[in-house]
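Novice: Got a sequence here, can you build the structure:
(one chain, ligands or ions: 2)
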Amino acid sequence: MASQKSSGLFARYRLSNPKQSVVKNAIGILGAANIAPPALVAPSMNMSSIIVVSVAARDENKAKAFASKHGIPNTHPSYDAIINDPNIDCIYNPLPNGLHYEWTKKALDAGKHVLLEKPSTSNAEQTRELFAIAKEKNLVLLEAFHYGFHPASTFFRETLQKHIASGHPLQRVKAVMSFPNLFPLTDIRFNYNLGGGITMDCGSCTINAIRYFTGFEVESVEKAVPKIVSEDIDGRMDAVLRLKRGDNTFAEAELNVSLTNPWFSIQTYREMMPTFTAETDDKIFFYHYFTVKNKATGKTENLPKAYGEGYSTYRYQLEAFVKAVENGGKDVESIPGWVSGEDSALNMTAIDAVYKKSGMKLRK
Ligand SMILES: NC(=O)C1=CN([C@@H]2O[C@H](COP(=O)(O)OP(=O)(O)OC[C@H]3O[C@@H](n4cnc5c(N)ncnc54)[C@H](OP(=O)(O)O)[C@@H]3O)[C@@H](O)[C@H]2O)C=CC1
Ligand SMILES: O=C1OC[C@@H](O)[C@H](O)[C@H]1O
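Specialist: Residues are numbered from 1 along each chain as shown. Ligands and ions are numbered 1, 2, ... in the order given. Prediction:
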(Lines give C-alpha, C1' and ligand atoms only; values in the text may rest on other atoms or scores of the structure.)
(Ligands and ions follow the chains in the order given, each with its own letter.)
Protein backbone atom coordinates (compact mmCIF):
# COMPACT_ATOMS: atom_id res chain seq x y z
CA MET A 1 0.00 0.00 0.00
CA ALA A 2 1.32 3.40 -0.90
CA SER A 3 0.34 6.77 0.50
CA GLN A 4 1.06 10.19 -0.92
CA LYS A 5 3.88 12.22 0.51
CA SER A 6 2.94 15.71 -0.61
CA SER A 7 0.30 17.59 -2.54
CA GLY A 8 -0.28 16.79 -6.20
CA LEU A 9 -2.02 13.74 -7.51
CA PHE A 10 1.12 11.90 -8.47
CA ALA A 11 3.55 13.17 -5.90
CA ARG A 12 6.19 10.63 -4.94
CA TYR A 13 4.76 7.84 -2.87
CA ARG A 14 5.98 6.46 0.42
CA LEU A 15 5.30 3.00 1.68
CA SER A 16 2.63 3.15 4.35
CA ASN A 17 4.83 1.19 6.75
CA PRO A 18 6.98 3.90 8.37
CA LYS A 19 9.79 1.41 8.97
CA GLN A 20 10.10 1.11 5.23
CA SER A 21 9.69 4.75 4.43
CA VAL A 22 11.36 4.60 1.07
CA VAL A 23 10.62 7.21 -1.55
CA LYS A 24 9.38 5.51 -4.69
CA ASN A 25 10.00 6.70 -8.19
CA ALA A 26 6.73 7.29 -10.03
CA ILE A 27 6.36 5.78 -13.49
CA GLY A 28 3.53 6.22 -15.99
CA ILE A 29 2.62 4.02 -18.95
CA LEU A 30 1.91 5.16 -22.51
CA GLY A 31 -0.90 2.98 -23.83
CA ALA A 32 -2.78 0.01 -22.40
CA ALA A 33 -0.33 -2.34 -24.09
CA ASN A 34 -0.36 -6.10 -23.63
CA ILE A 35 3.29 -6.20 -22.65
CA ALA A 36 2.92 -3.65 -19.82
CA PRO A 37 1.53 -6.00 -17.14
CA PRO A 38 4.29 -8.63 -17.34
CA ALA A 39 7.12 -6.24 -18.16
CA LEU A 40 6.38 -3.44 -15.73
CA VAL A 41 3.30 -3.72 -13.51
CA ALA A 42 3.99 -7.18 -12.07
CA PRO A 43 7.67 -6.65 -11.20
CA SER A 44 6.99 -3.18 -9.77
CA MET A 45 4.54 -4.67 -7.26
CA ASN A 46 7.37 -6.38 -5.43
CA MET A 47 9.69 -3.40 -5.48
CA SER A 48 9.82 -0.62 -2.93
CA SER A 49 11.73 1.71 -5.23
CA ILE A 50 9.23 2.27 -8.04
CA ILE A 51 5.48 2.56 -8.37
CA VAL A 52 3.30 2.54 -11.47
CA VAL A 53 1.11 5.55 -10.76
CA SER A 54 -0.86 5.96 -13.95
CA VAL A 55 -1.63 4.75 -17.45
CA ALA A 56 -2.73 6.87 -20.41
CA ALA A 57 -4.60 5.53 -23.42
CA ARG A 58 -6.00 7.11 -26.55
CA ASP A 59 -9.41 6.38 -25.06
CA GLU A 60 -9.46 7.14 -21.34
CA ASN A 61 -12.14 4.52 -20.71
CA LYS A 62 -9.68 1.93 -21.96
CA ALA A 63 -7.05 3.35 -19.60
CA LYS A 64 -9.51 3.17 -16.70
CA ALA A 65 -10.39 -0.45 -17.40
CA PHE A 66 -6.69 -1.32 -17.68
CA ALA A 67 -5.85 0.57 -14.46
CA SER A 68 -8.63 -1.13 -12.55
CA LYS A 69 -7.63 -4.59 -13.82
CA HIS A 70 -3.95 -4.13 -12.95
CA GLY A 71 -4.16 -2.16 -9.72
CA ILE A 72 -2.84 1.11 -11.12
CA PRO A 73 -4.08 4.00 -8.97
CA ASN A 74 -4.78 6.60 -11.67
CA THR A 75 -5.20 7.34 -15.36
CA HIS A 76 -4.44 10.27 -17.64
CA PRO A 77 -6.63 11.30 -20.57
CA SER A 78 -3.81 11.40 -23.13
CA TYR A 79 -0.16 10.53 -23.75
CA ASP A 80 0.72 14.24 -23.64
CA ALA A 81 -1.01 14.63 -20.27
CA ILE A 82 0.91 11.80 -18.60
CA ILE A 83 4.22 12.91 -20.07
CA ASN A 84 3.73 16.45 -18.85
CA ASP A 85 2.59 15.56 -15.34
CA PRO A 86 5.24 17.13 -13.10
CA ASN A 87 4.73 14.45 -10.46
CA ILE A 88 5.80 11.65 -12.74
CA ASP A 89 9.51 10.88 -12.92
CA CYS A 90 9.66 8.12 -15.51
CA ILE A 91 7.75 6.96 -18.55
CA TYR A 92 7.40 3.41 -19.87
CA ASN A 93 6.91 3.43 -23.64
CA PRO A 94 5.38 0.19 -25.00
CA LEU A 95 3.73 1.85 -27.99
CA PRO A 96 3.98 0.31 -31.47
CA ASN A 97 7.55 0.54 -32.76
CA GLY A 98 6.72 3.31 -35.22
CA LEU A 99 5.67 5.56 -32.32
CA HIS A 100 8.70 4.90 -30.10
CA TYR A 101 10.72 7.82 -31.48
CA GLU A 102 7.99 10.46 -31.36
CA TRP A 103 6.76 9.72 -27.83
CA THR A 104 10.14 9.02 -26.30
CA LYS A 105 11.39 12.33 -27.66
CA LYS A 106 8.39 14.08 -26.10
CA ALA A 107 9.01 12.34 -22.77
CA LEU A 108 12.70 13.26 -22.77
CA ASP A 109 11.86 16.83 -23.73
CA ALA A 110 9.56 16.90 -20.70
CA GLY A 111 12.47 15.78 -18.50
CA LYS A 112 11.37 12.17 -17.93
CA HIS A 113 13.56 9.09 -17.74
CA VAL A 114 12.32 6.51 -20.23
CA LEU A 115 12.13 2.73 -20.22
CA LEU A 116 11.59 2.14 -23.93
CA GLU A 117 10.35 -1.09 -25.47
CA LYS A 118 12.43 -2.71 -28.16
CA PRO A 119 13.27 -1.99 -30.91
CA SER A 120 14.28 1.47 -29.71
CA THR A 121 12.94 3.28 -32.79
CA SER A 122 12.30 2.68 -36.48
CA ASN A 123 15.90 3.16 -37.67
CA ALA A 124 19.42 3.91 -36.44
CA GLU A 125 19.25 7.62 -37.18
CA GLN A 126 16.27 8.08 -34.85
CA THR A 127 17.93 6.03 -32.13
CA ARG A 128 21.10 8.13 -32.20
CA GLU A 129 19.02 11.28 -31.94
CA LEU A 130 17.09 10.06 -28.89
CA PHE A 131 20.19 9.01 -27.00
CA ALA A 132 21.85 12.35 -27.79
CA ILE A 133 18.88 14.14 -26.20
CA ALA A 134 18.97 11.86 -23.14
CA LYS A 135 22.68 12.47 -22.71
CA GLU A 136 22.35 16.21 -23.02
CA LYS A 137 19.58 16.25 -20.42
CA ASN A 138 21.20 13.72 -18.07
CA LEU A 139 18.20 11.42 -18.37
CA VAL A 140 18.16 7.64 -18.35
CA LEU A 141 16.99 6.05 -21.58
CA LEU A 142 16.98 2.26 -21.69
CA GLU A 143 15.94 -0.04 -24.52
CA ALA A 144 14.12 -2.92 -22.88
CA PHE A 145 16.21 -5.97 -23.79
CA HIS A 146 15.09 -7.55 -20.54
CA TYR A 147 16.68 -11.00 -20.80
CA GLY A 148 20.22 -9.59 -20.73
CA PHE A 149 19.74 -8.41 -17.15
CA HIS A 150 19.01 -11.86 -15.78
CA PRO A 151 21.97 -13.47 -13.98
CA ALA A 152 21.49 -16.53 -16.18
CA SER A 153 22.26 -14.37 -19.21
CA THR A 154 25.22 -12.58 -17.71
CA PHE A 155 26.58 -15.96 -16.60
CA PHE A 156 26.12 -17.46 -20.06
CA ARG A 157 27.74 -14.46 -21.72
CA GLU A 158 30.71 -14.55 -19.38
CA THR A 159 31.16 -18.30 -19.86
CA LEU A 160 31.05 -18.06 -23.65
CA GLN A 161 33.28 -15.00 -23.91
CA LYS A 162 35.87 -16.44 -21.48
CA HIS A 163 36.02 -19.58 -23.58
CA ILE A 164 36.56 -17.58 -26.77
CA ALA A 165 39.22 -15.45 -25.05
CA SER A 166 41.04 -18.59 -23.90
CA GLY A 167 41.94 -19.41 -27.51
CA HIS A 168 38.84 -21.10 -28.91
CA PRO A 169 37.62 -18.96 -31.77
CA LEU A 170 33.92 -18.45 -32.24
CA GLN A 171 32.84 -20.03 -35.50
CA ARG A 172 29.08 -19.96 -35.86
CA VAL A 173 26.10 -18.59 -33.98
CA LYS A 174 22.43 -19.29 -34.49
CA ALA A 175 19.58 -17.32 -32.98
CA VAL A 176 15.95 -18.27 -33.47
CA MET A 177 12.76 -16.65 -32.29
CA SER A 178 9.33 -17.45 -33.54
CA PHE A 179 5.70 -16.82 -32.65
CA PRO A 180 3.96 -18.72 -35.42
CA ASN A 181 0.43 -17.59 -36.14
CA LEU A 182 0.04 -16.08 -32.70
CA PHE A 183 -0.80 -12.58 -33.85
CA PRO A 184 -3.63 -11.68 -36.26
CA LEU A 185 -2.85 -9.74 -39.43
CA THR A 186 -4.43 -6.68 -37.75
CA ASP A 187 -1.69 -6.70 -35.08
CA ILE A 188 0.78 -3.80 -34.89
CA ARG A 189 3.51 -6.23 -36.03
CA PHE A 190 1.95 -6.39 -39.51
CA ASN A 191 1.62 -2.65 -40.05
CA TYR A 192 4.43 -0.86 -41.89
CA ASN A 193 3.24 2.56 -40.70
CA LEU A 194 3.60 1.40 -37.09
CA GLY A 195 7.12 0.07 -37.61
CA GLY A 196 6.04 -3.51 -38.11
CA GLY A 197 7.88 -6.49 -39.57
CA ILE A 198 9.44 -9.54 -37.98
CA THR A 199 12.97 -8.16 -38.29
CA MET A 200 11.89 -5.25 -36.08
CA ASP A 201 10.05 -7.55 -33.70
CA CYS A 202 11.84 -10.83 -32.99
CA GLY A 203 14.73 -9.68 -35.20
CA SER A 204 15.65 -6.93 -32.76
CA CYS A 205 15.92 -9.51 -29.95
CA THR A 206 17.87 -12.10 -31.92
CA ILE A 207 20.32 -9.53 -33.26
CA ASN A 208 20.75 -8.18 -29.76
CA ALA A 209 21.28 -11.70 -28.38
CA ILE A 210 23.95 -12.41 -31.01
CA ARG A 211 25.82 -9.20 -30.21
CA TYR A 212 25.30 -9.41 -26.45
CA PHE A 213 26.35 -13.00 -25.87
CA THR A 214 29.28 -13.10 -28.27
CA GLY A 215 30.70 -9.57 -27.90
CA PHE A 216 30.99 -9.47 -31.71
CA GLU A 217 29.40 -6.76 -33.85
CA VAL A 218 27.57 -7.20 -37.15
CA GLU A 219 30.02 -6.24 -39.88
CA SER A 220 27.82 -7.03 -42.85
CA VAL A 221 24.71 -8.89 -43.89
CA GLU A 222 25.59 -11.64 -46.34
CA LYS A 223 22.07 -12.86 -47.00
CA ALA A 224 18.57 -11.76 -46.00
CA VAL A 225 15.55 -13.56 -47.40
CA PRO A 226 12.18 -12.21 -46.35
CA LYS A 227 8.78 -13.78 -46.65
CA ILE A 228 6.50 -10.87 -47.45
CA VAL A 229 3.10 -11.34 -45.83
CA SER A 230 1.51 -7.95 -46.39
CA GLU A 231 2.60 -4.62 -47.84
CA ASP A 232 6.27 -4.05 -46.92
CA ILE A 233 5.94 -6.51 -44.06
CA ASP A 234 8.29 -9.43 -43.51
CA GLY A 235 6.45 -12.21 -41.70
CA ARG A 236 9.63 -14.22 -41.67
CA MET A 237 13.28 -13.37 -42.23
CA ASP A 238 16.20 -15.75 -42.70
CA ALA A 239 19.51 -13.95 -42.64
CA VAL A 240 23.24 -14.64 -42.47
CA LEU A 241 25.38 -12.03 -40.76
CA ARG A 242 29.15 -11.66 -40.79
CA LEU A 243 30.35 -10.85 -37.29
CA LYS A 244 33.55 -9.07 -36.34
CA ARG A 245 35.34 -8.37 -33.07
CA GLY A 246 37.81 -5.60 -32.24
CA ASP A 247 40.75 -8.03 -32.56
CA ASN A 248 39.84 -8.71 -36.21
CA THR A 249 38.36 -12.13 -35.63
CA PHE A 250 35.27 -13.11 -37.56
CA ALA A 251 32.33 -15.47 -37.21
CA GLU A 252 29.07 -16.19 -38.96
CA ALA A 253 25.61 -15.78 -37.48
CA GLU A 254 22.39 -17.27 -38.74
CA LEU A 255 19.17 -15.58 -37.85
CA ASN A 256 15.73 -17.16 -38.24
CA VAL A 257 12.77 -15.15 -37.09
CA SER A 258 9.15 -15.74 -37.90
CA LEU A 259 5.60 -14.73 -37.07
CA THR A 260 4.04 -17.06 -39.59
CA ASN A 261 5.81 -20.34 -40.09
CA PRO A 262 5.14 -23.09 -37.61
CA TRP A 263 8.33 -25.09 -38.11
CA PHE A 264 10.34 -23.25 -35.49
CA SER A 265 9.42 -24.18 -31.97
CA ILE A 266 7.31 -21.61 -30.21
CA GLN A 267 8.73 -20.01 -27.09
CA THR A 268 6.93 -21.33 -24.09
CA TYR A 269 8.83 -19.58 -21.33
CA ARG A 270 7.00 -16.99 -19.32
CA GLU A 271 9.70 -14.58 -20.32
CA MET A 272 10.24 -14.35 -24.02
CA MET A 273 13.75 -14.62 -25.35
CA PRO A 274 15.56 -16.03 -28.35
CA THR A 275 16.98 -19.52 -28.41
CA PHE A 276 20.67 -19.24 -29.01
CA THR A 277 23.51 -21.57 -29.95
CA ALA A 278 27.18 -20.64 -30.30
CA GLU A 279 29.84 -22.95 -31.74
CA THR A 280 33.57 -22.59 -31.10
CA ASP A 281 36.32 -24.82 -32.48
CA ASP A 282 35.80 -27.33 -29.68
CA LYS A 283 32.44 -26.77 -28.00
CA ILE A 284 28.86 -25.81 -28.64
CA PHE A 285 27.07 -23.61 -26.12
CA PHE A 286 23.29 -23.70 -25.84
CA TYR A 287 21.36 -20.94 -24.14
CA HIS A 288 19.33 -21.15 -21.99
CA TYR A 289 19.84 -24.69 -20.80
CA PHE A 290 23.48 -23.97 -19.91
CA THR A 291 24.69 -27.01 -21.75
CA VAL A 292 28.11 -27.18 -23.34
CA LYS A 293 28.83 -29.99 -25.79
CA ASN A 294 32.38 -31.15 -26.56
CA LYS A 295 32.56 -31.56 -30.33
CA ALA A 296 35.21 -34.30 -30.30
CA THR A 297 33.72 -36.54 -27.64
CA GLY A 298 30.07 -35.57 -27.97
CA LYS A 299 30.03 -35.33 -24.17
CA THR A 300 27.72 -32.72 -22.67
CA GLU A 301 28.28 -30.78 -19.50
CA ASN A 302 25.45 -28.99 -17.70
CA LEU A 303 26.63 -25.79 -16.15
CA PRO A 304 25.30 -24.83 -12.73
CA LYS A 305 22.24 -22.65 -12.99
CA ALA A 306 22.66 -19.08 -11.94
CA TYR A 307 19.09 -17.96 -11.51
CA GLY A 308 18.22 -15.39 -8.87
CA GLU A 309 15.49 -15.83 -6.30
CA GLY A 310 12.83 -16.67 -8.83
CA TYR A 311 12.92 -13.18 -10.31
CA SER A 312 11.76 -12.65 -13.86
CA THR A 313 13.96 -11.06 -16.48
CA TYR A 314 11.63 -8.05 -16.34
CA ARG A 315 12.23 -7.69 -12.61
CA TYR A 316 15.99 -7.56 -13.12
CA GLN A 317 15.51 -5.06 -15.92
CA LEU A 318 13.34 -2.81 -13.78
CA GLU A 319 15.80 -2.93 -10.89
CA ALA A 320 18.58 -1.91 -13.28
CA PHE A 321 16.49 0.94 -14.64
CA VAL A 322 15.66 2.25 -11.16
CA LYS A 323 19.29 1.97 -10.10
CA ALA A 324 20.33 4.05 -13.10
CA VAL A 325 17.64 6.66 -12.35
CA GLU A 326 18.70 6.85 -8.72
CA ASN A 327 22.36 7.23 -9.75
CA GLY A 328 21.37 10.14 -12.01
CA GLY A 329 22.37 8.09 -15.05
CA LYS A 330 25.97 7.77 -13.87
CA ASP A 331 28.03 4.54 -13.94
CA VAL A 332 25.37 2.68 -15.91
CA GLU A 333 28.11 0.60 -17.55
CA SER A 334 28.68 -1.10 -14.19
CA ILE A 335 25.09 -2.43 -14.15
CA PRO A 336 25.17 -6.04 -15.45
CA GLY A 337 23.33 -6.31 -18.76
CA TRP A 338 23.03 -2.55 -19.30
CA VAL A 339 22.12 -1.56 -22.87
CA SER A 340 23.98 1.64 -23.73
CA GLY A 341 22.89 4.19 -26.32
CA GLU A 342 25.70 3.06 -28.61
CA ASP A 343 24.56 -0.51 -28.18
CA SER A 344 20.98 0.39 -29.15
CA ALA A 345 22.23 2.36 -32.17
CA LEU A 346 24.36 -0.58 -33.34
CA ASN A 347 21.37 -2.90 -32.98
CA MET A 348 19.21 -0.63 -35.11
CA THR A 349 22.06 -0.31 -37.65
CA ALA A 350 22.06 -4.10 -38.00
CA ILE A 351 18.26 -4.19 -38.39
CA ASP A 352 18.50 -1.51 -41.08
CA ALA A 353 21.24 -3.54 -42.83
CA VAL A 354 19.07 -6.68 -42.87
CA TYR A 355 16.22 -4.72 -44.44
CA LYS A 356 18.55 -3.18 -47.02
CA LYS A 357 20.03 -6.56 -47.95
CA SER A 358 16.56 -8.08 -48.26
CA GLY A 359 15.54 -5.35 -50.71
CA MET A 360 12.90 -4.04 -48.33
CA LYS A 361 12.37 -0.46 -47.20
CA LEU A 362 13.74 0.77 -43.87
CA ARG A 363 11.04 1.41 -41.30
CA LYS A 364 10.14 5.06 -40.72
N1 LIG B 1 10.10 -6.90 -24.18
C2 LIG B 1 9.22 -7.82 -24.53
O3 LIG B 1 9.26 -8.95 -24.07
C4 LIG B 1 8.19 -7.46 -25.50
C5 LIG B 1 8.19 -6.24 -26.09
N6 LIG B 1 7.20 -5.87 -26.92
C7 LIG B 1 7.25 -4.52 -27.53
O8 LIG B 1 6.27 -3.72 -26.87
C9 LIG B 1 5.61 -2.87 -27.79
C10 LIG B 1 4.11 -3.12 -27.72
O11 LIG B 1 3.81 -4.45 -28.03
P12 LIG B 1 2.42 -5.11 -27.54
O13 LIG B 1 2.25 -4.86 -26.10
O14 LIG B 1 2.39 -6.48 -28.02
O15 LIG B 1 1.40 -4.21 -28.38
P16 LIG B 1 -0.13 -3.83 -28.12
O17 LIG B 1 -0.77 -3.73 -29.45
O18 LIG B 1 -0.74 -4.70 -27.09
O19 LIG B 1 0.00 -2.38 -27.46
C20 LIG B 1 0.40 -1.27 -28.15
C21 LIG B 1 -0.31 -0.04 -27.58
O22 LIG B 1 0.00 1.05 -28.45
C23 LIG B 1 -1.07 1.96 -28.44
N24 LIG B 1 -1.24 2.58 -29.75
C25 LIG B 1 -1.06 3.89 -30.02
N26 LIG B 1 -1.29 4.16 -31.29
C27 LIG B 1 -1.64 3.00 -31.87
C28 LIG B 1 -2.03 2.65 -33.18
N29 LIG B 1 -2.10 3.56 -34.16
N30 LIG B 1 -2.35 1.38 -33.41
C31 LIG B 1 -2.28 0.45 -32.44
N32 LIG B 1 -1.91 0.73 -31.17
C33 LIG B 1 -1.62 2.00 -30.89
C34 LIG B 1 -2.29 1.24 -27.94
O35 LIG B 1 -2.59 1.98 -26.81
P36 LIG B 1 -3.97 2.62 -26.37
O37 LIG B 1 -4.23 1.83 -25.18
O38 LIG B 1 -3.64 4.04 -26.17
O39 LIG B 1 -5.01 2.38 -27.44
C40 LIG B 1 -1.81 -0.15 -27.53
O41 LIG B 1 -2.23 -0.46 -26.23
C42 LIG B 1 6.26 -3.15 -29.13
O43 LIG B 1 7.25 -2.20 -29.34
C44 LIG B 1 6.88 -4.52 -28.98
O45 LIG B 1 8.02 -4.70 -29.80
C46 LIG B 1 6.13 -6.68 -27.14
C47 LIG B 1 6.07 -7.92 -26.59
C48 LIG B 1 7.13 -8.44 -25.78
O1 LIG C 1 9.76 -10.71 -26.83
C2 LIG C 1 8.95 -10.69 -27.71
O3 LIG C 1 7.91 -11.53 -27.72
C4 LIG C 1 6.76 -11.36 -28.56
C5 LIG C 1 7.20 -10.67 -29.77
O6 LIG C 1 6.29 -10.53 -30.76
C7 LIG C 1 7.73 -9.43 -29.18
O8 LIG C 1 7.47 -8.26 -29.74
C9 LIG C 1 9.10 -9.81 -28.81
O10 LIG C 1 9.93 -8.82 -28.45
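
Novice: how about low-confidence regions in the stretch 251-364 of the chain?
Specialist: Within the stretch 251-364 of the chain, the ranges that satisfy pLDDT under 70 run 261-273, 288-291, 303-310.

Novice: what does the stretch 51-200 of the chain put close to ligand 1?
Specialist: For the stretch 51-200 of the chain, the residues in contact with ligand 1 (C-beta under 6 Å from any ligand atom) are 57-58, 62, 94-97, 99, 117-118, 144, 146, 188, 194. Where you see a C-beta, it was placed from the backbone N, CA and C, and this is true even at glycine.

Novice: State whether residue 158 is indeed within a helix.
Specialist: Yes. Counting by DSSP: H, G, I helix; E, B strand; the rest coil, residue 158 is found in a helix.

Novice: Model confidence for it, exactly?
Specialist: Looking at residue 158, its pLDDT reads 94.

Novice: and the gap between it and ligand 2?
Specialist: Here the criterion is C-beta to the nearest ligand atom, to the nearest Å. By it, residue 158 lies 23 Å from ligand 2.

Novice: Next: residue 246.
Specialist: For residue 246, the distance to ligand 2 - C-beta to the nearest ligand atom - is 28 Å.

Novice: and what of residue 347?
Specialist: From residue 347 to ligand 2 the distance is 12 Å (C-beta to the nearest ligand atom).

Novice: just to revisit the earlier point, among the residues of the stretch 51-200 of the chain next to ligand 1, which are in strands?
Specialist: Nothing among those maps onto strands, per DSSP state E.

Novice: of these, list those near ligand 2.
Specialist: Within those, those near ligand 2 by C-beta under 6 Å from any ligand atom are residue 118.

Novice: Report the residue ranges of every domain in this structure.
Specialist: 8-146, 148-311+331-358 (automatic domain parsing).

Novice: Off-centre distance for the shortest one?
Specialist: Between the mean C-alpha point of domain 8-146 and the mean C-alpha point of its chain there is a distance of 15 Å (C-alpha atoms, centre = their mean, to the nearest Å).

Novice: just to revisit the earlier point, distance to residue 319 and mean neighbour count added to the domains of the chain, as CSV?
Specialist: Below are the domains of the chain laid out as CSV (distance: least, C-beta to C-beta, whole Å; neighbours: other C-beta atoms under 10 Å):
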stretch, distance to residue 319, mean neighbour count
domain 8-146, 7, 20
domain 148-311+331-358, 8, 18
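
Novice: Out of these, which gets the lowest mean score?
Specialist: When I compare the domains of the chain, domain 148-311+331-358 is least confident, with a mean of 87.

Novice: Following element in sequence after the longest strand along the chain, please.
Specialist: Taking DSSP E as the criterion, the chain has its longest strand at strand 217-230. Of the helices and strands lying after strand 217-230 in sequence (DSSP states H and E), the nearest is strand 233-244.

Novice: List the strands paired with that next one, with their directions.
Specialist: strand 217-230 (antiparallel), strand 250-258 (antiparallel) (DSSP bridges).

Novice: contacts for the first one?
Specialist: The set of residues external to strand 217-230 that reach it, using C-beta atoms under 8 Å, 6 or more residues apart in numbering, is 185, 190, 199, 207, 210-211, 234-245, 250, 252-253, 258-261, 346, 349-350, 353-360.
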